[in-house]
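Asker: need a structure here:
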Amino acid sequence: MDVWDSIVVGAGQGGLAASHFLTHRGVDHLVLDANPAPGGAWQHRWDSLTMDDVHGVADLPGQPAPARSGERANLAVPSWFADYEQRQHVPVERPVDVTAVTSEGDLLVVHAGDRRWRTRTLVNATGTWTRPNWPDHPGVADFAGEQFHTATYPGAEHLRGRRVVVVGAGASAVQLIGELAPVADVVWVSRRPPQWRTGEFGPETGLQVVTEVERRVVAGLPPTSVVGATGLMLREQEQAAARLGAYDDPRPMFERLEEHGARWSDGTLERADAILWATGFRSAVDHLDPLGLRGPQGGIPLLRVPGNVQAATTAARDPRVHLVGYGPSASTIGASRAARRAAMEVARRVGATPARPDRPARAEPEELAS
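Answerer: Here you go, the predicted model:
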């Protein structure tokens, strides 16, 4: 089996950007993507989310993002990604569900079922969408209604006319309440008081937020959300829900779920037809566990790059591994910036030279013995 200079895991924003910069630096690489088609996590988002509704999609290197419009985001972005893959000749293989990455001497071995690839370096760009945080709350199994997470949200029409408890304190909760409140009876529940943004959110504030996230990952703490740390604000899309009072005085977390609703410690029962858990996501990095990258705090410590808070990509415990879209680069613009840095470090490690036209044919994975 041939040895790659680098393998990129994931073909979302970070993975596509990484492939672009690796190609530019002459690094022979392969992109492995678990999805059956281009589009990353965007292809799985709910139908009512339009390009006007998304918080923003940064350009990919060499190709601008789709314009704001009423087009469904789960169609517009995957179409853009597919076009990018074709134009940029991204060496992607799918569907490949990477289950583990192990070390074999100086090389890394990427495992996917009975297949494996050897590589000198790895760029992990798996994001968070596949790791929704479903709270293990008392009574979850007793509730007779439907339960959804942001990742499985069926859209407002499915919940029209029903009583829905939305749990969460972040931007997703605000956005979903904005959709639901005009057509459903919504109760907002939050573990902590929502942090509303006061004043303008300028470059200095953004830098402070990303710097704090970087500090956490450098220290080996689990990363917090960059978007979540910016504070909440109501956009035009949420104004109808605001006029209905949907954001007024969210209730504290209930004690437990029961068959017909949520019960608080004071005995109050809030009847509900559905629970929507807008409780965030975790980084999808469990396949890296065999490498022992995590620190005692549970996160994967990254090496700090002085002067560039979004360039921390190198795993402190194994410099062959780079994480793009993790911690301070967990945004579409941050992922592209981190991808550039990761490609530079990979090229330096493997001794690559600028891109050349005689790229070798794609190596086939080695079949493991049964």
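Asker: how near is the closest residue to residue 187 other than its chain neighbours to residue 255?
Answerer: In space, and not counting its chain neighbours, residue 187 is closest to residue 165: 4.8 Å by Cβ to Cβ, 6 or more residues apart in numbering. Just so you know, the C-beta spots here come from the backbone N, C-alpha and C atoms, and that holds for glycine as well. Applying Cβ to Cβ, to the nearest Å, the value for residue 165 to residue 255 is 13 Å.
Asker: would you indicate which residues of stretch 300-309 are buried?
Answerer: Within stretch 300-309, the residues that count as buried by 16 or more other Cβ atoms under 10 Å are 300-305, 309.
Asker: right, and residue 274 touches residue 144 too?
Answerer: No - assessed by Cβ atoms under 8 Å, residue 274 is found out of contact with residue 144, at 10.5 Å.
Asker: how does the protein divide up, domain by domain?
Answerer: With domains defined by automatic domain parsing, the chain comprises 3-130+282-367, 146-196+232-277.
Asker: looking at residue 274 and residue 144, which one has more neighbours?
Answerer: Remark: of residue 274 and residue 144, residue 274 carries more neighbours, 19 against 11, as counted by other Cβ atoms under 10 Å.
Asker: report the contact partners of the more buried one.
Answerer: Residues in contact with residue 274 (Cβ atoms under 8 Å, 6 or more residues apart in numbering) are 145-148, 159, 162-165.
Asker: rerun that using 6 Å as the cut-off
Answerer: Contacts for residue 274 (Cβ atoms under 6 Å, 6 or more residues apart in numbering) come out as 145-146, 159, 162, 164.
Asker: and those residues as CSV, adding secondary structure, distance to residue 38 and pLDDT?
Answerer: Below are the contacts of residue 274 laid out as CSV (DSSP: H, G, I helix; E, B strand; the rest coil; distance: Cβ to Cβ, whole Å; pLDDT from 0 to 100):
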residue, secondary structure, distance to residue 38, pLDDT
145, coil, 35, 97
146, strand, 31, 98
159, helix, 30, 97
162, coil, 35, 98
164, strand, 33, 98
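Asker: list just the nearest of those residues to residue 177.
Answerer: For the contacts of residue 274, the residue nearest residue 177 by Cβ to Cβ is residue 164; the value is 9.0 Å.
Asker: run through the bridge partners of the closest one.
Answerer: Following DSSP bridges, residue 164 is listed with bridge partners residue 186, residue 274.
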